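> coords please:
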Amino acid sequence: MTTINQREQIKKAFVSDIKNIDDAVYNNQDWYQQDAQRMRYILATLELSPGDNYSEKPKQLELGQEDNRFYNCIEFHDHGMFKINDEKRLNELMNMSDSEVADYIAVNEYDWIGDDYDHANEYLFTIMNEWQDEIEYDTEGYDNIDYMTITTRTRDWVKDGDYKSENKFEVAYQILMDYYNELPEDSRVELDKRLEKIGA
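Now for the predicted structure:
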């Protein structure tokens, strides 16, 4: 069972501070190496081996090098959902300092060059848009070979207790549903008909 504290620890370890997200992506290697949160995401989500991924010959490992031991310790799903597969490795990764994460990648010569724009989008939509609610990210300029533009929109939430939405009508509908079962039977039937008529 996921605890609030555990979720907050994961957020702190993997979600970039919004001030660290620039307005463009040039290549996915450099972009992910801009902060430790994105580097942790790389380690958790990519199966990496030391050396050049495009080389036909496997690299002879140097002292201290290894295949990425953090791969798949956690899976990130849509809507901010996640699955922990190896809690020990996940805790190790989350507790590494920023410099330790960078050093681990450097010592092992990991690279993930390729699919630049798609790979950056993966993080923006799976992590940034689902794990923080201040800014919504989008991208444009896929046909620009030099860089992809990252756009932002400040979110404007309407809240009622724990429920929130940027659509005030969704919040109003939720409030209505809170009292639905207290209505007389004939009123509920009439309400259902009216809501169904407008596709709600």
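> now do the contacts for Gln37.
Ala13, Phe14, Val15, Ser16, Asp17, Asn20 (C-beta atoms under 8 Å, 6 or more residues apart in numbering). C-beta: built from backbone N, CA, C; applies to glycine.
> confidence score at it?
Gln37 is assigned a pLDDT of 98 by the prediction.
> give me the contacts around the worst-scoring helix or strand of the chain on mean pLDDT.
The least trusted helix or strand in the chain, going by mean pLDDT, DSSP states H and E, turns out to be strand 163-165, with a mean of 76. For strand 163-165, the external contacting residues (C-beta under 8 Å, 6+ apart) are Asp133, Trp157, Val158, Val171, Gln174.
> any of these buried? List them.
Val171 (16 or more other C-beta atoms under 10 Å).
> could the contacts of strand 163-165 go into TSV alongside distance to Tyr142 and secondary structure?
Shown next, in TSV, are these (distance: C-beta to C-beta, whole Å; DSSP: H, G, I helix; E, B strand; the rest coil):
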residue	distance to Tyr142	secondary structure
Asp133	26	coil
Trp157	29	coil
Val158	33	strand
Val171	34	helix
Gln174	36	helix
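> looking at the contacts of strand 163-165, which is nearest Met148?
Nearest to Met148, judged by C-beta to C-beta, of the contacts of strand 163-165 is Asp133 at 23.6 Å.
> which secondary structure elements does the one helix or strand Lys193 maps to contact?
Taking DSSP states H and E as the criterion, Lys193 maps to helix 185-197. Contacting helix 185-197 under the criterion 3 or more C-beta pairs under 8 Å, 6 or more residues apart in numbering; DSSP states H and E is no other helix or strand.
> ok, now with 10 Å
helix 168-178 (3 or more C-beta pairs under 10 Å, 6 or more residues apart in numbering; DSSP states H and E).
> ok, residues contacting the helix it packs on?
Outside helix 168-178, the residues that touch it by C-beta atoms under 10 Å, 6 or more residues apart in numbering are 156-161, 163-165, 167, 183, 191, 195, 200.
> thank you, goodbye.
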